[in-house]
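[1] Kindly generate the corresponding structure for this input.
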Amino acid sequence: MSDFQKISVKRWLKSLIFGVLTLIVVVACSSQPKVETSPTAASNSATQLTELKFGVGPYFPTPGENSKQFEPLFNELARGLNLPAKVTVTEDWVGISEALRSGTLDAAWLGPWGYVLSNHNEPSIKAIATVKYKDKPTYNSVLMARADAPFNTLDEAIAQSKEGNKLKLSLADVGSTSGWLIPQAEFKRRNLDPKTVFDYNEGASHAAQAIAVMSGQTDIASDYDRNLDVLASTGRIDKSKIKIIWQSEPLPNDPIAVRGGFPEDIKTKLQQVLVNFSPEQAKKFLPENYTGFVTSDGSNYAPIQAAGKSVGKLK
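    As a prediction, the model looks like this:
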């Protein structure tokens with residue numbers, strides 16, 4: 001083979017090798033999967049929200065009163081985030097919890113038991129703040145009777161109901177912390193079944209409980225101290241006509257909770273807006289005697305979770 005032929009073969013081999021290597025690189029690059037934004041990542045962007053969907057349960061006797069009280073508050077919170085608010089008022093505590101769990105709502109003012117149930121069924125639902133009442137993030141569940149009732153304590157009422165005609169006991173709906181869960185946990189602690197000791201009824205609204213006691217429709221009813229203050233301040237009841245026969249230990253006040261998948265940046269901003277709520281804002285936008293919010297990560301609701309387990313509603 002001549003020197004010229006040898007050189008031509010070498011050049012041909014080099015060209016072949018270079019072409020193969022180039023093809024490999026091109027194929028390798030073109031076969032890399034495209035990086036796509038996951039739905040979760042996309043949902044964490046503030047641009048995904050065009051409004052904030054807030055919800056609240058039946059704090060006041062009618063939906064109209066609830067809307068009148070809470071719509072300005074939620075509009076103010078949303079204004080701090082530069083978003084419009086859409087407000088939903090439900091007629092029971094279970095409904096508001098389910099709406100948050102299903103994602104129908106972005107955020108909600110829940111009862112403590114409603115929050116614990118929601119978080120238990122859907123752990124991605126998180127409390128971000130707890131409301132303060134008279135500057136404290138706690139309140140009390142109560143059992144009340146008419147002021148002239150022939151018993152002054154729960155022990156005396158139990159004894160009387162066992163010995164004579166059964167006393168009528170009314171608990172609130174099963175989604176209520178103070179009106180159902182905490183009294184049930186107290187009866188459980190006493191190894192007592194209220195359905196056998198009393199003429200038992202459940203499912204009443206908080207607004208109806210004190211009025212039912214005063215009118216003689218029931219002998220004992222559950223409620224919470226904050227609600228009695230509201231009913232008295234609006235002229236619906238005369239507190240001198242009732243007496244408290246049992247009161248719980250302090251319970252964590254109501255939380256503001258957000259749904260799973262709620263954008264992290266919006267959640268952080270909403271929490272900041274809540275805990276920075278000024279006394280002037282509280283006086284203008286919150287119900288009477290509510291004075292602002294403290295931050296929460298949900299851990300302060302452990303006593304409610306324990307009560308739920310004690311009555312067999314949580315596993």
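
[2] After the lowest-mean-pLDDT helix or strand in the chain, which helix or strand is next?
    Within the chain, judged by mean pLDDT, DSSP states H and E, the helix or strand with the poorest mean is helix 39-43; its value is a mean of 38. Heading C-terminal from helix 39-43, the first helix or strand you meet, by DSSP states H and E, is strand 52-56.

[3] then the helix or strand following that next one to CSV, C-alphas only?
    Following strand 52-56 in sequence order, the next helix or strand is helix 63-79 (DSSP H and E). The C-alpha trace of helix 63-79 is given here as CSV (Å, rounded to 0.1, in the frame of the first residue of the first chain):
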residue,chain,number,x,y,z
PRO,A,63,-76.2,32.7,58.9
GLY,A,64,-76.9,36.4,58.2
GLU,A,65,-75.4,37.4,61.5
ASN,A,66,-72.3,35.2,60.8
SER,A,67,-71.9,36.8,57.4
LYS,A,68,-72.2,40.3,58.8
GLN,A,69,-69.6,39.6,61.4
PHE,A,70,-67.0,37.5,59.5
GLU,A,71,-67.1,38.8,55.9
PRO,A,72,-65.4,42.1,56.9
LEU,A,73,-62.7,40.1,58.8
PHE,A,74,-61.9,37.8,55.9
ASN,A,75,-62.0,40.7,53.4
GLU,A,76,-59.4,42.5,55.6
LEU,A,77,-57.2,39.4,55.8
ALA,A,78,-57.4,38.9,52.1
ARG,A,79,-56.6,42.6,51.5
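
[4] Each with direction, which strands does the helix or strand following helix 63-79 pair with?
    Counting by DSSP H and E, the next helix or strand C-terminal to helix 63-79 is strand 85-89. Strand 85-89 pairs in its sheet with strand 52-56 (parallel), by DSSP bridges.

[5] contact partners of the partner strand?
    Under the contact criterion Cβ atoms under 8 Å, 6 or more residues apart in numbering, strand 52-56 has outside partners 66, 70, 74, 77-78, 81, 83-90, 96, 99-100, 104-109, 266, 270. Where you see a C-beta, it was placed from the backbone N, CA and C, and this is true even at glycine.

[6] just stretch 304-315 next, same as before
    Residues contacting stretch 304-315 (Cβ under 8 Å, 6+ apart): 112-113, 115-117, 120, 177, 181-182, 184-185, 188-189, 251-252.

[7] Provide a list of residues in contact with residue 66.
    Applying Cβ under 8 Å, 6+ apart, the residues near residue 66 are 56, 58-60, 89.

[8] any idea how far the spatially closest residue to it that is not a sequence neighbour lies from residue 106?
    Closest residue to residue 66 apart from its sequence neighbours, by Cβ to Cβ, 6 or more residues apart in numbering: residue 89 at 4.4 Å. Separation of residue 89 from residue 106 (Cβ to Cβ, to the nearest Å): 15 Å.

[9] Repeat that for residue 150.
    50 Å.

[10] quick one: which of those two has more around it?
    residue 106 (24 against 11; other Cβ atoms under 10 Å).

[11] For residue 114, the count of nearby residues, please.
    Neighbours around residue 114, by other Cβ under 10 Å: 28.

[12] and if you look at the one 3 residues further on?
    Taking other Cβ under 10 Å as the neighbour definition, residue 117 ends up with a count of 27.

[13] Could I get the buried residue list for the helix or strand where it lies?
    Using DSSP H and E, the secondary-structure element containing residue 117 is helix 112-121. Buried residues in helix 112-121, counted by 16 or more other Cβ atoms under 10 Å: 112-119.

[14] what would those look like in a markdown table with pLDDT?
    Shown next, in a markdown table, are these (pLDDT from 0 to 100):
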| residue | pLDDT |
| --- | --- |
| 112 | 93 |
| 113 | 91 |
| 114 | 87 |
| 115 | 92 |
| 116 | 94 |
| 117 | 89 |
| 118 | 90 |
| 119 | 93 |
